[in-house]
Structure formats: structure tokens, C-alpha cells
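1. Here's my sequence, what's the structure:
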Amino acid sequence: MSKKLVVLAAVNGGAQMSRDGAQVPVSPAEIAEAAYECYQAGAAVVHIHARAPDGQPTTDIAVFSDIIRRIRDKCDILIQTTNGFGVRRDPRSGEFNWPDDHERLALHRVDPKQDLFSIAAGSWDFYHPEGGYKATISYVNSERLLQENIRAVLARGAALEFEITEVSQIHKLSRYADEGVFDRATRNLWLDYCLGFGAMVPTVRTLALAMEDGQRLFPHWRTEILATGRDQFPMNTVGVLMGCDIVRVGFEDNIYLPNGRPAHRNADLVEAMVGIARTFGREPATVGEARAIFNIGTATPG
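-> The predicted structure follows:
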């Protein structure tokens, strides 16, 4: 039997807003309902950003806590929090700014706790107009932030996704392993190959090169595919055929179905991905199976 495929739904992002019939969840109640619908459609993980009442991204830990409680009241889907939060516009200057390292590390104090974490493995020029970011913004991930996140996640027995936006970041992580930041053989860290966002070009050749280095340096780690816009389903399909463990869909990255039409709900994208996976003999992983894949065991205590 072919190995199970974890479907991860990134339901809102930091700046994506409803458009063309796609209803992007913003309030905690809307996010929790979207998570539940994705769970019913076959997703084992939901990736969340918190939004302020005006729809803008917020670093308020209380809002994350509210979202997590609401989701867990509805289902046992695994919950992954962002570590980027989203860029915010300064009301006086009009400039966009990323949250600082102190704000981002505060996610480790969320109560109830999330199951999974995510962080980019390096800095890059972020560009995602379909996701609400109309201009290029420099996205900085310091070595201190990366290393503190790795140590904090492993200390609590959770799991951490490294967003890979260029191949050199895989080699940086290999250096961290050599320096003792983490054990190379640990199985609750994984690589997420990001295609788009102003990062790696969404082509088969680019993905194959990155995956070859990742599998060589971290042969025990799981692999995830993430692509933006209309490249989401073609690249996810390539990932399925290449044996990836996780695929990400959802309105944070893309609103379009494989036929090019906008989806109405995040769950529509999940259903489409499950259908594609089954065409190639890959069944969606249950939440319990996903826990085993991420090596996190039983539910994270509140």
C-alpha cells in the first residue's frame, strides 16, 4: 500500500482577503469553522494566522489561544501556528514592517498549546501579490531566532517545519546539526519546499534539485510541498508522484481550483487535493497517522 499523504490546510494567512467568491476566514469563529470543514474534507493539519478585528494580522497571543480553543471544541485536527504573523502597515509612515524576534518567540507561550510550528530557514525577498502582498518585502529570519525556535520546539516535544526558500538553507540546517543545535536523526523536524513567494521557481527541475539535497543531508526527515497561486496543484501533484509526505493547500497561498476557477471555501481545495492524491494511489492521512508521521505521539497538553 502506498504511504499516506498528510494534507495541510493554510486557511487564511496574514494578508489574504476575500475575493472572487473565495471566503477567507478572519475572525476566530470563522477560522475554527474553516478548520473543521477542512478536517471533514480530509485535512489532518490546519495552519493558522491570527487577525485583528480590522482583518489585519495580529501578534496578540490571546487571539491565537481563542482560535485554538475553538478549533479543538470542534475536532482533533492538528494545529500549526505561523511564525511570520504577517506584515503590518505603520499607521503613521505607511511602511510595512515584520514583527520582531521577541514577538515571534511569544508563540511558545500560547495556551492551549499548538501541535506544530513553522519557520522559514532563512531570509528572502517575499513577493506574493495574490496573497495580499503587492510589493516585495524583505523577510528576515536571524540565526538567533532560528536556533531558539528549534531548541524550544524540541524541548516541548512538538514538531517544527522548516520553510525552504532556497537550497542553501538546507545546508545551513546541516551546519546547525554539525554544531549540535539539534540531532540530525531527529524525526520531528521536516523540510517544506516553498515554490513561489519570490522564493524558489515553481518548476520540476527546481524542486528535484532541492529535494535531492534535502534527502541526502536529512534522509530521515519528512518532506512537504508548498506552491502559490495556480502553481499550487501542479506542483503538489509532482510532489505526490515524487513521494512527498505532506502537501499544503489553502487560501493563504492560493484561491484557485485545478480547473482555474476560484474556490468558495478552503475545504474545496482540500477536497480537490484529496481527489488528485487518490488518483495516484495516495490516501489522506488521518490525524492519528499524521501524529505518527510528525513523531509527536499523543495530543499536546493544554
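2. could you give me the average pLDDT of stretch 78-98?
-> When pLDDT is averaged over stretch 78-98, the result is 71.
3. let me redo that: stretch 270-282
-> 97.
4. Next, name the residue at the spatial heart of this structure.
-> The residue lying closest to the centre of the chain (C-alpha atoms, centre = their mean) is residue 47, at 5.5 Å.
5. Could you name the helices and strands sitting against the helix or strand in which that residue is found?
-> Assigned by DSSP states H and E, residue 47 belongs to strand 45-48. Helices and strands touching strand 45-48, by 3 or more C-beta pairs under 8 Å, 6 or more residues apart in numbering; DSSP states H and E, are strand 6-10, helix 28-41, helix 61-74, strand 78-81. Every C-beta, even on glycine, is put in place using the N, C-alpha and C of the backbone.
6. Relative to residue 270, which of those is closest?
-> helix 28-41 (4.0 Å; C-beta to C-beta).
7. quick one on the thing from earlier: parallel or antiparallel, list what pairs with the strand holding residue 47.
-> strand 6-10 (parallel), strand 78-81 (parallel) (DSSP bridges).
8. for those, which one ends up most surrounded?
-> strand 6-10 (a mean of 27; mean count of other C-beta atoms under 10 Å).
9. Can I get it in PDB? Just the C-alpha atoms.
-> As requested, C-alpha coordinates have been extracted for strand 6-10 and formatted as PDB (Å, rounded to 0.1, in the frame of the first residue of the first chain):
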ATOM      1  CA  VAL A   6      -0.800  14.500   5.000                       C
ATOM      2  CA  VAL A   7      -3.000  17.300   3.700                       C
ATOM      3  CA  LEU A   8      -2.200  20.600   5.400                       C
ATOM      4  CA  ALA A   9      -4.700  23.500   5.000                       C
ATOM      5  CA  ALA A  10      -3.400  27.000   5.400                       C
END
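10. if you average pLDDT over that strand, what comes out?
-> 98.
11. Stretch 104-123 now?
-> pLDDT averaged over stretch 104-123 gives 90.
12. for it, how far is the first residue from the last?
-> Criterion C-alpha to C-alpha, to the nearest Å; first-to-last residue distance in stretch 104-123 is 15 Å.
13. which parts of it are buried?
-> By neighbour count with 16 or more other C-beta atoms under 10 Å, stretch 104-123 contains the buried residues 104-105, 107-108, 110, 113-122.
14. just checking, next helix/strand downstream of the host helix or strand of residue 161?
-> Residue 161 is part of strand 159-164 when elements are defined by DSSP H and E. Downstream of strand 159-164, the next assigned helix or strand under DSSP H and E is helix 168-178.
15. what's that following helix in contact with?
-> 120-122, 146-147, 150, 162, 164, 182-184, 191, 210, 213-214, 217-218 (C-beta atoms under 8 Å, 6 or more residues apart in numbering).
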